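Participant: Turn this into a structure:
(chains A and B)
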Amino acid sequence: MISGVLLFNQKGENLIFRQFRNDCRPRLSDVFRIQVISNAQVRSPILTLGSTTFSHVKHENIYVVAVTKSNANAALVFEFLYRLITLGKSYFGKFDEEAVKNNFVLIYELLDEILDFGYPQNTETDTLKMYITTEGVKSERNVVEDSTKITMQATGALSWRRADVKYRKNEAFVDVIEDVNLLMSAGGTVLRADVSGQIIMRAYLSGTPECKFGLNDRLLLDGAGKASTTRAAAGSVTLEDCQFHQCVKLGKFDTDRIISFVPPDGEFELMRYRSTENVNLPFRVHAIVNEIGKTKVEYQVAVRANYGTKLFATNVVVRVPTPLNTANISTRTSQGKAKYEPSENHIVWKIPRFTGQAEYVLSADAQLTSMTNQKAWSRPPLSMSFSLLMFTSSGLLVRYLKVFEKSNYSSVKWVRYMTRAGSYEIRF
Amino acid sequence: MAANRIRSMFPAAPRKGETFELRSGLNSQFAHERKDAIRNTIAAMTLGKDVSALFPDIIKNMATNDLDQKKLVYLYLMNYAKSHPDLCILAVNTFVQDSEDPNPLIRALAIRTMGCIRVDKIVDYMEEPLRKTLKDESPYVRKTAAICVAKLFDLNPSLCLDNGFLETLQEMIGDSNPMVVANSVQALSEINESAPETGALKVTPAVLKKLLMALNECTEWGRVTILTTLAEYHAEDVKEAEHICERVVPQFQHVNPSVVLAAVKVVFLHMKHLNQELTRTYLRKMAPPLVTLVSSQPEVQYVALRNINLLLQKQPDILTKEMRVFFCKYNDPPYVKLEKLEIMIRIANEKNIDQLLMELKEYALEVDMDFVKRAVKAIGQCAIKIDVAAEKCVKVLVDLLNMKVAYVVQEVMVVIKDIFRKYTTYLSILPTLCSTIDELDTPDSRASLIWLLGEYSTEVPDSTSLLQTFLASFIDEDPQVQLQLLTATVKLYLKAPSAENQTILQSTLQTATSSSDNPDIRDRAYVYWRLLSKDPGVAKAIVLAPRPKIESTIPSLPTTLLDELLKEISTLASVYHKPPNTFIGQGRFGADAVQKRAIEEERQTNPSTAAITAAAANGGGNVENLLDIDFDGAAPASAVAAAASSGGGGLGGLADLMGDFGGSPQSASPAPSGGAGGAVGAGTSGLDDLFGLGMGGTNSPPPQVAGLGGLESGLGGLDLGGNSSPPTPQGAQKKTNEDILGLF
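Facilitator: Residues are numbered from 1 along each chain as shown, chains lettered A, B, ... in the order given. Below is the predicted model:
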């Protein structure tokens, strides 16, 4: 399995070198620097040299690299590297060169804990934070009973929850967050529209509560092939696929379609899902872009909100790409502000508040400088970002959330919905 | 510069006599100063500085109650134990004490670290603590000890066997804690892999039951371990296979992609025992999770896509409804885009072809040259794969031709040639093709047009004059183009034996036989010449023989290789689409074994030269693992060996790649692979010589391994996936091969 984990900065300096197996030599860091970092031609994240395989992920301004010598499980290696990044982010706020340099001791400690002989162990942030801490003082306080408890949790069947959680007020917050992805052709036909959603839960519940969770879904899996599922009946949603946090009892879901779980304490991602049918697109974009001769491009972009008038989207940003040789741009908007950003080669049109059913227009002229080698403009797609509260593109709703606990306390539950733009792209 | 960096990382570190400063810090009377010094030592170690001289001073700081400090000291020990094997003995006492500490975290830390100190002396002391910790009351310690058995086995297998640790591990599969189970299985499977004769991991029905029990409860990584073991298990009967699939299917819903892939692997492998109906159900259940993988992180996505590619070759229709999810996003990294294209053409059928064609046309207008070329090629592959779509595809290709972008035109030409090999109904576009002649400056595209001219010389009105323009620069052309030119002129003559064509033919053959340096071209010209002078009728029958139709130009792996790779789902082998033994060496066991044997042998026969041999044997290890060069005290001889091996290795890598292409029936190109094979022979014999000098009778590593050491140079193509297009002129080459074969 993983023979070593290495971190590099962008210059190729080795920040962290942790070997887990005998076959990972210090010299390998030079090999990686020469073969990958200073080699512009490398396009693949996996590189095998001799019998050594480097799998790397680039995050912020560092390279996170795993060295393997065997026919390792590539999916696991990459997933592990991403988990390491997630851990780094939750420990230091940001996982970049500075954070690594300032916390290298802690990173060695973490690596020691999450990998043993190259095999990933427990990588749950919450559990790790109990005994690997940023303040060195804390660990001295570790009395024996405490660590016994910790170790039980780090390995136990309920590795995600402490047994003795207590709250005066038992509350659970559920956030349904959907990222809507769209790819629309120049002609206005939807090439691809899907929703990838997450349900984030913040549970502040005492004891060991057993939760049951229900949605207005109709899973494709249970009745595929039957005519009834082809048309989603009013008020129900077809989820293509869903994945659950490890606390969810998968076996139970597979047989009875019940999502039941003992939640971790605090915030966690309960499930992820995907839906492709009946996607409600919150915005319609109509873009007309004309290249007039070689020196001018005319834009006419209209955006229309497709949701009810009571709702409004915030932070709506439309990015309209411009040719690389744009010299000057003049814009007019019916709402919001538009600005040309030369470094990014696009016009950024910001609309702070977009009410339902409204339609706003941007028109712009781009003056181009003439270039000696006229290369055709690749016309990258126009993209949008926004967030829209109390709206789900898939139509998903939470039907119930029940909490069962020995002491039978009553709990308060809150549900929030939000739709954001995933990759919302429109070709023109 | 390095010093500067240290300063920026640790402002306190002074410039002069760094080691001295560190040492005085380590021996300070204040605990916090000692701790800081340890920290700084570790920092220097990370930067690649040699701080091994501080070993004794660090060891003094080992006995402490500060867990952080202990961890740092242990980290140092793991790195430098090898350079001070004698001093390690000083650490043993602390280790043994720690392994009995009341705090389970410290017990686990001690046993974990002990296993990582690869010094024989320590190993002897490990026995007792390991035995105790394996039976520890805390599962955290037990799970750490389980892995430690694998570490010990790696160091000293016999000690491990004598103490019955393997049996203990096997018992631990029944442990109440799922993580202990997972780690025991992991340790056993590693031991089993390195030493199959131990039979360490035998899955019996009882063990199977325990594994399935633990599966639902352990951590995500543990699940991967257990699933991998389940995938290797051969179910005894249909019922058992059914049971396994049933228990594993829920894991499709796990959030970790590697768990999903591992579960797919188990179900896919056990599915073949099930009846058709169940198989279909499982295949249907498999599709949504596979599609979900496509929205994960790009690197994970890449691994998933490569695996989906394999699965599709076995089960072509599992994802036909999901075409849209494979559409490329504008900012997908290039390796993901290319892989998505591969998958799209695999799942293309009559129903979704229109949608796909629109998309492909869009891609062909992008700016990334490689991607555009691949998109054009994909259009051609669709045309050949789906009869009804051929016309639309050809229309799109002609549209692209009219864009007059050089690299697009060239690629279209190559693709259209393949289309003509299947359909001859599009003769009307030939004049359009010929008009692009000025844009063609790659050998592939020129050869393609020449082939078309030769093949359809009667249909193209000015074929003679067009060919003549090519012939004017015959000598400067690429050999591949020259060969095509030869064949085309012969065809031209045979189809229209006019006086003019005869002169052209005559002069071409003359030039080819007299002025070409390339034996292939001379030979081909002679063969044609003799054939024509002997009996033009026979020549016509041979050269103009009807061609076998092609069915598909989508590369696919041979069935045996595919089946082998399906057992490797989600591993590197499945990403490269190559069997694992082609890119991993004998592993550390192999390398160590060769070295040890060599030294041992030499010691017995000739004690005086043993030292030299040891150095050379280091070199031997280097050949196996070019990158492991870590000249800790090796003689310069090993450097020479390594240098030589990199030369030989480069060729080997090439030969290996070639061999791979040669292996697939699509691109039978015996000539080049044969050539490279010869080269590797030469390379390895060179190595043999070198080793002959160094170590008399020892076995030099097998040539294949030496070759792989240098995949480095051959790997340029591999990094974009193992099957980065077989030699593109495959059509042409195949054709010429057929021509030659026809002659004899």
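Participant: quick one: low-confidence parts of chain B?
Facilitator: Residue ranges of chain B with pLDDT under 70: B:1-16, B:585-744.
Participant: For chain A, see how far away the residue nearest the centre of it is.
Facilitator: By Cα atoms, centre = their mean, the mean C-alpha position of chain B lies nearest to B:Tyr576, the distance being 3.5 Å. Applying Cβ to the nearest Cβ, to the nearest Å, the value for B:Tyr576 to chain A is 7 Å. C-beta coordinates here come from the backbone N, C-alpha and C atoms, glycine included.
Participant: what's the answer for B:Asp66, then?
Facilitator: Using Cβ to the nearest Cβ, we find B:Asp66 at a distance of 7 Å from chain A.
Participant: likewise B:Arg39?
Facilitator: For B:Arg39 relative to chain A (Cβ to the nearest Cβ), the value is 6 Å.
Participant: Pull out the buried positions in the helix or strand that that residue is a member of.
Facilitator: Here B:Arg39 is covered by helix B:31-46, with elements defined by DSSP states H and E. Neighbour-count burial for helix B:31-46, with 16 or more other Cβ atoms under 10 Å in any protein chain shown as criterion, is recorded at B:34-46.
Participant: buried stuff in the helix or strand just after that helix?
Facilitator: Next along the chain after helix B:31-46, taking DSSP H and E as the criterion, comes helix B:55-60. Applying a neighbour-count criterion of 16+ other Cβ under 10 Å, one finds B:55, B:57-59 buried in helix B:55-60.
Participant: Relative to chain A, which of these is nearest.
Facilitator: Comparing the buried residues of helix B:55-60 against chain A with Cβ to the nearest Cβ places B:Ile58 closest, at 14.7 Å.
Participant: Would you check that the residue nearest to the centre of chain B makes contact with B:Phe583?
Facilitator: Yes: contact status for B:Tyr576 versus B:Phe583: in contact at 6.5 Å, counting by Cβ atoms under 8 Å.
Participant: Could you name every residue contacting both of the two?
Facilitator: A:Thr48 (Cβ atoms under 8 Å, 6 or more residues apart in numbering or on different chains).
Participant: tell me the secondary structure for A:Leu388?
Facilitator: What DSSP: H, G, I helix; E, B strand; the rest coil gives for A:Leu388 is strand.
Participant: Which pLDDT does the model give it?
Facilitator: You'll see A:Leu388 listed with a pLDDT of 93.
Participant: So of the buried residues of helix B:31-46, which two are at opposite extremes in space?
Facilitator: Spatial extent of the buried residues of helix B:31-46 (Cβ to Cβ) is set by the pair B:Arg34 and B:Thr46 at 19.2 Å.
Participant: the domain parsing of chain A - what is it?
Facilitator: Using the TED database, the domain ranges for chain A come out as A:4-123, A:171-280+A:391-426, A:283-389.
Participant: Centre of the chain to the last one, how far?
Facilitator: When you say that, I think you mean domain A:283-389. Here domain A:283-389 shows a centroid-to-chain-centroid distance of 26 Å under the convention Cα atoms, centre = their mean, to the nearest Å.
Participant: Could you see whether chain B lies near it?
Facilitator: Yes: Domain A:283-389 reaches chain B (Cβ under 8 Å from any Cβ of the partner chain) through A:375-376, A:378-381.
Participant: Next, count neighbours for B:Gln276.
Facilitator: By other Cβ atoms under 10 Å in any protein chain shown, the residues close to B:Gln276 number 7.
Participant: Tell me who's in contact with the nearest residue to A:Tyr424 once chain neighbours are set aside.
Facilitator: Spatial nearest neighbour of A:Tyr424, excluding adjacent residues (Cβ to Cβ, 6 or more residues apart in numbering or on different chains): A:Met384 at 4.3 Å. A:Met384 sits next to A:283, A:285, A:303, A:316-319, A:421, A:424, A:426 when contact means Cβ under 8 Å, 6+ apart.
Participant: how much space between A:Met384 and A:Ser196?
Facilitator: From A:Met384 across to A:Ser196, the span is 16 Å (Cβ to Cβ, to the nearest Å).
Participant: Kindly report the same for A:Phe80.
Facilitator: 22 Å.
Participant: Those two: who's more crowded?
Facilitator: A:Phe80 (28 against 20).
Participant: Does that one belong to a helix, a strand or coil?
Facilitator: Secondary structure of A:Phe80, reduced to three states by three-state DSSP: helix.
Participant: Three-state assignment for B:Glu500, please.
Facilitator: helix.
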